[in-house]
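Q: 3D, please:
(2 chains)
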Amino acid sequence: DVKVTQSSRYLVKRTGEKVFLECVQDMDHENMFWYRQDPGLGLRLIYFSYDVKMKEKGDIPEGYSVSREKKERFSLILESASTNQTSMYLCASSLAGDRDTQYFGPGTRLTVL
Amino acid sequence: RKEVEQDPGPFNVPEGATVAFNCTYSNSASQSFFWYRQDCRKEPKLLMSVYSSGNEDGRFTAQLNRASQYISLLIRDSKLSDSATYLCVVNRPNDYKLSFGAGTTVTVRA
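A: Just a heads-up that it's a prediction; the model follows:
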């Protein structure tokens, strides 16, 4: 069974803080994704990585950066958190040849005050 | 226009009932279609892929209508455990990423 874990289930930060969200997968997947999920908007892709040190912007990358130093770990960084970044953040992974079947982590609910 | 649109519901149905709902997609070049299921406060999980000819997985039937650009999900003999939000997911042929609908919520009552 694929397991995707995220470092925190709930996180509360203050405006302007630097925030790190960590994601680890144990199935040797090449692709990893960061999404945010907001009511009425569905999941929106923030960043995507298809290999170590490789990344691509998704649909809403502004205000975020990512790091993939090891294959199993994909980090999302909020350089200076803002209240409009309050959201559910979901990490996912998939095999190189199958971007469509994605396995999700449990999510991190981030609140920025 | 959103890439994938769904009726948010909720669809409230009694146990044993049949419930069906659709989603529409905007990109006629999309080739892959899926239903993901998301339980309350949990992560999305792949429920089933949707094939051109339609497909069944137990009590779940998915259909694709390319001409009208919609996919559907039908749940027969609903169980309490079917209560969830169902996400319609469509691939984006230009960049090989996925577009997610906002979800349709189904609540099955005893």
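
Q: grab the nearest non-local neighbour of residue A:45.
A: residue A:58 (3.2 Å; Cβ to Cβ, 6 or more residues apart in numbering or on different chains). For every residue, glycine as well, the C-beta is placed using N, CA and C.

Q: list the contacts for the one you found?
A: A:33, A:34, A:35, A:44, A:45, A:46, A:47, A:48, B:97 (Cβ atoms under 8 Å, 6 or more residues apart in numbering or on different chains).

Q: and of these, the nearest to residue B:8?
A: The shortest approach to residue B:8 among these belongs to residue A:44, at 16.5 Å (Cβ to Cβ).

Q: now do that closest one against residue A:92, distance only.
A: For residue A:44, the distance to residue A:92 equals 13 Å [Cβ to Cβ, to the nearest Å].

Q: and what of residue A:5?
A: 12 Å.

Q: same check, this time on residue A:46
A: With the distance defined as Cβ to Cβ, residue A:46 ends up 11 Å from residue A:92.

Q: common neighbours of those two, please.
A: Going by Cβ under 8 Å, 6+ apart, residues that sit against residue A:46 and also against residue A:92 are residue A:35.

Q: before we move on, the earlier item: which of residue A:5 and residue A:92 has more neighbours?
A: The neighbour count for residue A:5 versus residue A:92, taken as other Cβ atoms under 10 Å in any protein chain shown, is higher for residue A:92 (27 against 12).

Q: so what's the more buried one bridging to?
A: residue A:33, residue A:104 (DSSP bridges).

Q: count the residues that sit near residue B:45.
A: As a measure of burial, residue B:45 has 14 neighbours, counting by other Cβ under 10 Å.

Q: in which helix or strand would I find the nearest residue to it once chain neighbours are set aside?
A: Closest residue to residue B:45 apart from its sequence neighbours, by Cβ to Cβ, 6+ apart: residue B:37 at 5.6 Å. In this assignment (DSSP states H and E), residue B:37 forms part of strand B:33-38.

Q: just the helices in chain A please.
A: Taking DSSP state H to define them, one finds no helices in chain A.

Q: where does pLDDT dip in it?
A: A:1-2 (pLDDT under 70).

Q: output the longest strand belonging to it.
A: Secondary structure of chain A per DSSP state E: the longest strand is strand A:42-51.

Q: show residues contacting the helix or strand containing residue B:90.
A: Taking DSSP H and E as the definition, residue B:90 sits inside strand B:84-92. For strand B:84-92, the external contacting residues (Cβ under 8 Å, 6+ apart) are A:42-43, A:99-100, B:3-4, B:6, B:21, B:23, B:25, B:27, B:30-40, B:44, B:47, B:71, B:73, B:97-106.

Q: what's the ChimeraX line that selects buried ones from these?
A: To isolate in ChimeraX the members of the contacts of strand B:84-92 that are buried, counting by 16 or more other Cβ atoms under 10 Å in any protein chain shown, one can use:
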select /A:42,43,99,100 /B:3,4,6,21,23,25,30,32,33,34,35,36,37,38,44,47,71,73,97,98,99,100,101,102,103,104,105,106
